[in-house]
Structure formats: structure tokens, C-alpha cells
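Novice: Structure for this input, please:
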Amino acid sequence: MFPVCPNRNKIWISKCKRHDHTNVKYARICSDHFKPSDYMDGMKNRLLGLNQKKILKPDAVPSVNLPLQDNGEDILSRSERKRNRSILQEAKIRLKCLSPKKACETPAMDYTYN
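Specialist: Modelled structure (predicted):
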């Protein structure tokens, strides 16, 4: 979620480099745009062997995989990133299925690209 602090909120909006209006009340930025060091250490969960919950540090700012590099070059369009994410998810599912410990069926995936 976008920060409540107006100054940090402006920084996040500028990092997004969106040309349309961003409604920060509902907008979200996914974890792909933050470095591992931007998250707090969930030592309690780690020690208890529980799932790690990603909680951003109060001063975290999106800095990874942003739409435009600092030199203005477009890294990937939104649709290309979405397509790449789908391919990666499918690969992860297939790798899990190859594990001798886990037997599973790979769900049929139909991709239609425009």
C-alpha cells in the first residue's frame, strides 16, 4: 500500500512514473519493486518456523524493476512484464512437479497474447 505520509507518498508516486492519475487509496505496488533489504526481519516467524510475512520498513521506497530506467529507456511494457510473469509461474509449477517428493499434475495453461 502507498504510505500515508504525504512526503513519502509523493516519492512513491514519482517512482511509479505513471502519466495517469494514481489513486493511492486503492493502488498497490507489488514486492517485485522492492529490494530484500527494504523488508523488516521477521525473526519471530523465522525462529518458530512459520511463513515469513513481508513487512516493509517505514523508509522503504520502490527502487527495483521500475517502468523506466533513470536514463529514460523503457525496460518492458506492462503487457510484456505480465507475460514474463506468467511464463515464470508456469516454469515454477513445472519444476515443483519434477520434484521426486511431490507428485502433481500441471494444470493446463492457455496463453493468448495480443
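Novice: tell me the contacts of the spatially most central residue of the chain?
Specialist: Among the residues of the chain, the one closest to the centroid is residue 32, at 2.7 Å (Cα atoms, centre = their mean). Contacts for residue 32 were tallied using Cβ atoms under 8 Å, 6 or more residues apart in numbering; they are 64, 65. To be clear about C-beta, it is placed using only N, CA and C from the backbone, and glycine gets the same treatment.
Novice: ok, and residue 28, which helix or strand is that part of?
Specialist: For residue 28, there is no helix or strand it lies in under DSSP states H and E.
Novice: That one reaches residue 22, doesn't it?
Specialist: No. Under the criterion of Cβ atoms under 8 Å, residue 28 is not in contact with residue 22, lying 10.5 Å apart.
Novice: what about these two, which has more around it?
Specialist: residue 22 (15 against 7; other Cβ atoms under 10 Å).
Novice: tell me the contacts of the residue nearest to that one when sequence neighbours are not counted?
Specialist: Nearest residue to residue 22, sequence neighbours excluded (Cβ to Cβ, 6 or more residues apart in numbering): residue 13, at 5.7 Å. By Cβ under 8 Å, 6+ apart, residue 13 lies in contact with 2, 22, 24.
Novice: Out of these, the closest to residue 43 would be?
Specialist: Relative to residue 43, the closest of those is residue 2; by Cβ to Cβ it sits at 26.8 Å.
Novice: Now do the contacts for that closest one.
Specialist: Shown in contact with residue 2 (Cβ under 8 Å, 6+ apart): 9, 12, 13, 24, 27, 28, 29.
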